[in-house]
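K.L.:
Following is a predicted model, sequence given first.
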Amino acid sequence: GAVVSQHPSWVICKSGTSVKIECRSLDFQATTMFWYRQFPKQSLMLMATSNEGSKATYEQGVEKDKFLINHASLTLSTLTVTSAHPEDSSFYICSARQGAPYEQYFGPGTRLTVT
Amino acid sequence: AQTVTQSQPEMSVQEAETVTLSCTYDTSESNYYLFWYKQPPSRQMILVIRQEAYKQQNATENRFSVNFQKAAKSFSLKISDSQLGDTAMYFCAFMKHVKGGSEKLVFGKGTKLTVNP
């Protein structure tokens, strides 16, 4: 149990276009989902916290107009990178909370390459 | 703000031997959780072990155990009988206990562990 999926696993897009990444909790309902960014050989940095039916809470320094997060249902959160630029190329990971605060389950990640 | 420090960027160990990964953290909170996550080359984050700060007993999960020193704010991970599949990045993480709030995981920079045959 407690499986989180992400789609796509790898995406290449041209500079200036937008790309959407989906995060789904497959066998549980997640009231809270988290989005992280990981640069090569670096740690995970929390970008935002997403609660179902409400606006996401962004970490300091994260552009909310660039990284649009929608948590439309208890099993789906989406991250849209708008007007992507090469510096947005990174590995994006989501996690979903099941039950207790410490029960966070991670998706397999999405590699975004902006050309 | 909480910080997590992993002072060993890279470590290596021979198969079947024991290795200890270090982690220290800084917080003024009294109630919190500590975690070790493993990130293999697939990049899937996998929970290795969790420790609750109010529990004095060190957590263990099969070959993985921790040495939790609350006063020293130290949380090391010991891997016994190392296996090739243990080769991965290991991240130490901290989470403040927040009732009904948006709890956050704060990660250290990671330790790259290589298990040699």
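P.N.:
It's in. Numbering: from 1, shown residues only, chains lettered A, B, ... in the order given.

K.L.:
Flag the shaky bits of chain B, pLDDT-wise.
P.N.:
Residues of chain B meeting the criterion pLDDT under 70: B:98-102.

K.L.:
Check it and tell me which residue is nearest its centre.
P.N.:
Nearest to the geometric centre of chain B sits B:Trp36, at 2.8 Å (C-alpha atoms, centre = their mean).

K.L.:
my guess is it meets B:Asp86, correct?
P.N.:
No. If you go by C-beta atoms under 8 Å, B:Trp36 and B:Asp86 don't touch, sitting 11.8 Å apart. All C-beta spots, glycine's among them, are computed from the backbone N, C-alpha and C.

K.L.:
Is the residue nearest to the centre of chain B located within a strand, as I assumed?
P.N.:
Yes. Counting by DSSP: H, G, I helix; E, B strand; the rest coil, B:Trp36 is found in a strand.

K.L.:
ranges for the strands of the chain?
P.N.:
Reading this off chain A. With DSSP state E, the ranges of strands along chain A come out as A:4-7, A:10-13, A:19-25, A:32-38, A:44-51, A:57-58, A:67-73, A:76-81, A:90-97, A:104-106, A:110-114.

K.L.:
actually it's chain B I care about, not the one you picked
P.N.:
B:3-5, B:10-14, B:19-21, B:24-26, B:32-39, B:46-52, B:60-61, B:64-69, B:74-79, B:88-96, B:105-107, B:111-116.

K.L.:
Tabulate the ones you listed (TSV), appending distance to A:Lys66.
P.N.:
As requested, the strands of chain B are exported to TSV (distance: least, C-beta to C-beta, whole Å):
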stretch	distance to A:Lys66
strand B:3-5	27
strand B:10-14	34
strand B:19-21	35
strand B:24-26	31
strand B:32-39	26
strand B:46-52	30
strand B:60-61	39
strand B:64-69	38
strand B:74-79	35
strand B:88-96	26
strand B:105-107	22
strand B:111-116	31
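
K.L.:
To A:His85, which of those strands lies closest?
P.N.:
A:His85 lies closest to strand B:105-107 among the strands of chain B, at 25.2 Å (C-beta to C-beta).
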